[in-house]
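> Turn this into a structure:
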Amino acid sequence: QINYFKNIDRTLFSMKLIFLTFLFVVLFSRTGLPESYIPKDKINGSGLKIPRFVSLKKSLTYMRSGPGRKYPVIFEIRQKGYPLKITAEFNNWRKVITSDKLTGWIHTQLLSSFRTGIILDTILLRKTPSDKSKAKAKLLPNLIVNIIRCDLKWCKIEIVKEKTYSGWIKKKSVWGALLK
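Model (predicted):
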């Protein structure tokens, strides 16, 4: 029985020593933060307003789990001009969110300030910013459009396919226009 209690004392002492060593490392080292540490909105970023919308420069872009190439790719976006909302900055990396609520990090070299949007609902493209204006076309959900400008309730957009179509749609019908 005496040997049994000595083994328990040694085990408890070892566990306490391991715990205190771990606590010391976490409290007094610079590497005590976990890899998944989420930075504040801006750390050495651009100084531009957050949130804001941008679009993709290339037809294939990798979204990573963190701000750096050491982080794994979590999504591939295969659409040039796809709109993204910037929610944070870390050096040359931007934390972005898609219209489908997918979040990740993309390097600034892959982003453009050119404003695009995604049509949310079936809507009519109008000649002027009014419900009474003549309809020019019917736009279907998930169509990517170029946003020219927006006012309080309407956005002027263009669609470039074989021909270029431009007109007005309600601001709430396009993801990529900040609602204010």
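> Excluding chain neighbours, what is closest to residue 156?
Closest residue to residue 156 apart from its sequence neighbours, by CB to CB, 6 or more residues apart in numbering: residue 148 at 4.2 Å. In short, each C-beta sits where N, CA and C put it, glycine included.
> I figured that neighbour hits residue 158, correct?
Yes. If you go by CB atoms under 8 Å, residue 148 and residue 158 touch, sitting 6.2 Å apart.
> Overlap of the contact sets of these two?
Taking CB atoms under 8 Å, 6 or more residues apart in numbering as the contact rule, the neighbours common to residue 148 and residue 158 are residue 166.
> related to what we said a few turns ago, the residue nearest to residue 156: which element?
Residue 148 is part of strand 144-150, with elements assigned from DSSP states H and E.
> Quick one: list the elements packing against that strand.
For strand 144-150, the packing partners by 3 or more CB pairs under 8 Å, 6 or more residues apart in numbering; DSSP states H and E come out as strand 116-119, strand 154-160.
> How far off centre is it?
The chain centroid and the centroid of strand 144-150 are separated by 19 Å under CA atoms, centre = their mean, to the nearest Å.
> Direction included, what does it pair up with?
strand 116-119 (antiparallel), strand 154-160 (antiparallel) (DSSP bridges).
> what about the ones you listed, which gets the closest to residue 131?
strand 154-160 (9.9 Å; CB to CB).
> Helices along this structure, start to end?
2-28 (DSSP state H).
> any weak-confidence spans in it?
Under the criterion pLDDT under 70, the flagged ranges of the chain are 1-44, 179-180.
> Tell me which residue lies nearest the centroid of this protein.
With distances taken as CA atoms, centre = their mean, residue 96 lies nearest the centre of the chain, 1.3 Å away.
> ok, it - contacts?
Counted by CB under 8 Å, 6+ apart, residue 96 has contacts 54, 63, 84, 85, 86, 87, 103, 104, 105, 106, 111.
> Tell me how far it lies from residue 50.
Per CB to CB, to the nearest Å, residue 96 is found 11 Å from residue 50.
> what touches both of these two?
Here residue 96 and residue 50 have 86, 87 as joint contacts, going by CB under 8 Å, 6+ apart.
> now residue 155: how far from residue 54?
With CB to CB as the criterion, residue 155 and residue 54 are 16 Å apart.
> One more: residue 143?
19 Å.
> before we move on, what about residue 111?
Counting by CB to CB, the gap from residue 111 to residue 54 is 5 Å.
> higher neighbour count, the two?
Legend: neighbour count by other CB atoms under 10 Å for residue 111 and residue 54, higher for residue 54 (23 against 18).
> Return the residues in contact with residue 115.
53, 54, 55, 83, 146, 147, 176.
> ok, and for stretch 46-63, which residues are buried?
50, 53, 54, 55, 56, 58, 61, 62, 63 (16 or more other CB atoms under 10 Å).
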